[in-house]
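In: Quick one: sequence plus predicted model below, questions after.
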Amino acid sequence: MSEPEKFVLAIDQGTTSSRAIIFNHSGQIVSVGQQEISQIFPSPGWVEHDPMEIWDSVRAVVAEALQKAQINRHQLAAVGITNQRETTIVWDKSTGKPVYNAIVWQDVRTGDIAHEIAAGHPLGTERYRQITGENISTYPSATKLKWILDNVEGAREKAEAGQLLFGTPDTWVLWNLTGGVNGGVHATDVTNASRTLLMDVRTLTWREDICADFGIPVSMLPQIKSSSEIYGYGRKNGLLVDTPICGILGDQQAATFGQACFEKGSAKNTYGTGCFMLMNTGEEPVFSEGGLLTTVLYQLGDSKPVYALEGSIAVAGSLVQWLRDNLGLITSSSEIGELAASVEDNGGVYFVPAFSGLFAPYWKDDARGAIVGLTRYVTKGHIARAVEESTAFQSAEVLDAMNADAGVPLKDLKVDGGMTHDDLLMQFQADLSGVDVIRPVVAETTALGAAYAAGIAVGFWSGIEDVVANWQEGKRWSPSMDPAERDRTYRLWKKAVTRTFDWADQDVR
């Protein structure tokens, strides 16, 4: 009697939902479980999640995926985790209860903390860049963690007494999966650790001096491990009992891995809540001169780490949700493409969605969103078109910075994420970027990357050569816009961006 077929489960804990996806050996999707999570906005610029809701949603989607696939944990070779990065969770290790809501990566409440830490050094916001690969800003976890310790009653005292644990969502999910208060594994991988502003990207260790600058006890921090090794096993009373949890990658690194961007100079762009472009820079970190982050791309077991340059854009798909939920111009996100295509162009309208400031390549936390170029001629179709185009414009600016840092222009751009099914947006991206834009057959590359990392750890896949063999091109868009028109509209976009600068002050947050 032959052995039953084996699969790999990927848990994708994202900003707007948690998902569980089961893949077969060919990298094809077998089943999906998905559940939205609540977005909490206590004040302008503040974004939070309920960590207990995150954990409950993960359990629910794992059960859903297993049920849909009609398999149980005995047919799972491995479990991988991918997650929204920088999002900060602090919990009591004896009770398993969070001391505060998760502060989401988009949150900008920590501007004063960032300014305070930067002001204490001649290099300002670049104080730690040559060590951690990041500038001081509201984006990394360190400022969020300091805010919790400074503002939640009793948190600092408990942290200094060794009672509290910190983690990004990967660590929170791993700890709960492997037992929680009953021996849960408190660990993270190098990709997530590199987004905290607390890890040395060369040595892959926590920097005690930087922790001291932020007033963060090192005892709170998870153990740093590679992206592909056995961290622990599912706890006794869970759906994944005794199943190895053995792959962790931050969501954007996971998507890059799933896109088989293993050659130095290869890149991908993910269109999700935000937009994130990563370029593989090989086994040596490259430090950007153009506003990009230096991050760990992956590390497989004991092998050398591989690095990337990253351009992070805070608002992309979430702008479409805003148009739906806050303005009611559409009733579902899928309608945006049709509405945008109802007009021939943007009618002179440019929408800069600096809701949480501007990320790469500007890094201005005092910027706020703006719609410019409005006339009586403008319709909701033009607004929708400007919403679509804003994602492509922001991505083009990041690509320009990446080309300058790398010294070798990209030949093509691999893309993934929900927005890549919008032909208008993808064609406009190709036109602006001047390179072919390529979407793979399996567009769920974030979950797929985490699955590959986990499967490689237990020999389900032999290595990255299997990832390359499984990757298949699905659709390609080539540039077709007149260069003069491209230059004109790009120039006007950059002009619109400058209108958002320096808006937030003591009167406006």
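Out: All right, it came through fine. As the structure is a computational prediction, the values presented were derived from the model and not from experiment.
In: quick one: the strands in the stretch 51-200 of the chain?
Out: Shown for the stretch 51-200 of the chain, the strands assigned by DSSP state E, counting those that start in this stretch span residues 76-83, 89-92, 102-103, 164-167, 187-189, 199-200.
In: With the stretch 351-500 of the chain instead?
Out: In the stretch 351-500 of the chain, the segments counted as strands under DSSP E, counting those that start in this stretch are 370-372, 412-416, 436-440, 473-477.
In: that older thread, reformat the strands of the stretch 51-200 of the chain as TSV; add mean pLDDT.
Out: Shown next, in TSV, are these (pLDDT from 0 to 100):
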stretch	mean pLDDT
strand 76-83	96
strand 89-92	98
strand 102-103	97
strand 164-167	98
strand 187-189	98
strand 199-200	97
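In: which helices and strands does the longest helix seen in the chain pack with?
Out: With secondary structure taken from DSSP state H, the chain has its longest helix at helix 380-406. Applying 3 or more CB pairs under 8 Å, 6 or more residues apart in numbering; DSSP states H and E, one finds that helix 380-406 contacts strand 267-271, strand 275-282, strand 306-313, helix 317-322, helix 336-340, strand 350-352, helix 423-433, helix 483-498. All C-beta atoms are positioned from the backbone trio N, CA, C, and that covers glycine.
In: One more pass at 7 Å, please.
Out: Secondary-structure packing of helix 380-406 (3 or more CB pairs under 7 Å, 6 or more residues apart in numbering; DSSP states H and E): strand 267-271, strand 275-282, strand 306-313, helix 317-322, helix 336-340, strand 350-352, helix 423-433.
In: Can you name the residues that contact Val58?
Out: Residues near Val58 by CB atoms under 7 Å, 6 or more residues apart in numbering: Ile11, Gln13, Ser18, Val173.
In: what about the strands of the stretch 351-500 of the chain, which gets the closest to Tyr231?
Out: strand 412-416 (25.7 Å; CB to CB).
In: That closest one relative to strand 473-477, how many degrees between them?
Out: If you take axes from the mean of the first three to the mean of the last three CA atoms, to 10 degrees, strand 412-416 sits at 120 degrees to strand 473-477.
In: Just want the angle from strand 412-416 to strand 267-271.
Out: Inter-element angle recorded for strand 412-416 and strand 267-271: 30 degrees (by the same axes, to 10 degrees).
In: The nearest residue to Ile464 once chain neighbours are set aside: what secondary structure?
Out: Computed as CB to CB, 6 or more residues apart in numbering, the closest residue to Ile464 that is not its neighbour in sequence is Phe262, at 5.3 Å. Recorded secondary structure, Phe262: coil (DSSP: H, G, I helix; E, B strand; the rest coil).
In: what's the neighbour count on Phe262?
Out: 16 (other CB atoms under 10 Å).
In: Could you tell me what pLDDT the model assigned to it?
Out: Looking at Phe262, its pLDDT stands at 93.
In: Thr188: what's it in contact with?
Out: Contacts for Thr188 (CB under 7 Å, 6+ apart) come out as Gly167, Thr168, Asp170, Thr171, Pro222, Ile224, Ile248.
In: With Ile81 instead?
Out: Listed by CB under 7 Å, 6+ apart, the contact set of Ile81 reads Ile11, Asp170, Val173, Leu174, Ile245, Gly247, Ile248, Ala450.
In: Surely the fourth one touches Asn192?
Out: In other words, Leu174. No: applying CB atoms under 7 Å, one finds Leu174 not in contact with Asn192, separated by 10.4 Å.
In: thinking again about what came up before, go through the helices and strands packed on helix 380-406 and pick out the most buried.
Out: Neighbour counts (mean count of other CB atoms under 10 Å) averaged over each of those peak at strand 267-271, with a mean of 28.
In: Determine how far that strand lies from the middle of the whole chain.
Out: Centroid separation for strand 267-271 versus its chain: 11 Å, with CA atoms, centre = their mean, to the nearest Å.
In: closest one to Trp46 among the strands of the stretch 51-200 of the chain?
Out: In terms of CB to CB, the element of the strands of the stretch 51-200 of the chain nearest to Trp46 is strand 102-103, at 8.0 Å.
In: How far does that closest one sit from its chain's centre?
Out: From the chain centre to the centre of strand 102-103 is a distance of 15 Å (CA atoms, centre = their mean).
In: OK, contacts around the residue nearest to Ser18 when sequence neighbours are not counted?
Out: Spatial nearest neighbour of Ser18, chain neighbours left out: Ser57 (4.0 Å); criterion: CB to CB, 6+ apart. With contacts defined as CB under 7 Å, 6+ apart, Ser57 is in contact with Ser18, Gln35, Ile37.
In: Secondary structure of the first one: a strand, I assume?
Out: Yes: read with three-state DSSP, Ser18 is one of the residues of a strand.
In: show me the residues around it that make contact.
Out: Per CB under 7 Å, 6+ apart, neighbours of Ser18: Gln35, Ile37, Ile54, Ser57, Val58, Val61.
In: So the second one versus Val47, what's the distance?
Out: Put plainly, it is Ile37. Using CB to CB, to the nearest Å, Ile37 is found at 12 Å from Val47.
In: what's the burial count for Lys236?
Out: 9.
In: Determine the three-state secondary structure at it.
Out: Applying three-state DSSP: Lys236 is coil.
In: Next one, pLDDT for it please.
Out: 70.
In: what's the answer for Ala20, then?
Out: At Ala20, the model reports a pLDDT of 96.
In: shouldn't it be in contact with Leu9?
Out: Yes: taking contacts as CB under 7 Å, Ala20 lies within contact range of Leu9: 6.2 Å.
In: Comparing these two, which residue is more hemmed in?
Out: Leu9 (32 against 29).
In: what is the rounded mean pLDDT of whichever strand or helix holds the more buried one?
Out: Using DSSP states H and E, Leu9 sits within strand 7-13. Mean per-residue pLDDT for strand 7-13: 96.
In: One more: stretch 212-223?
Out: Stretch 212-223 comes out with an average pLDDT of 97.
In: Please enumerate residues in contact with that stretch?
Out: Defining contact as CB under 7 Å, 6+ apart, one finds that stretch 212-223 is touched by 117, 142, 145-146, 149, 159-160, 162, 164-167, 171, 186-188, 198, 206, 208, 211.
In: Gly179: what's it in contact with?
Out: Contacts of Gly179 were listed using CB under 7 Å, 6+ apart, and they are Arg235.
In: repeat for Asp416
Out: For Asp416, the contact set (CB under 7 Å, 6+ apart) comprises Ala255, Gln259, Lys268, Thr270, Arg439, Pro440, Ala443, Thr445.
In: Counting by contacts, list what the strand or helix carrying the first one packs against.
Out: It stands for Ala255. For Ala255, the element it lies in under DSSP H and E is helix 251-258. Packing partners of helix 251-258 (3+ CB pairs under 7 Å, 6+ apart): strand 76-83, strand 267-271, strand 275-282, strand 293-298, helix 445-457.
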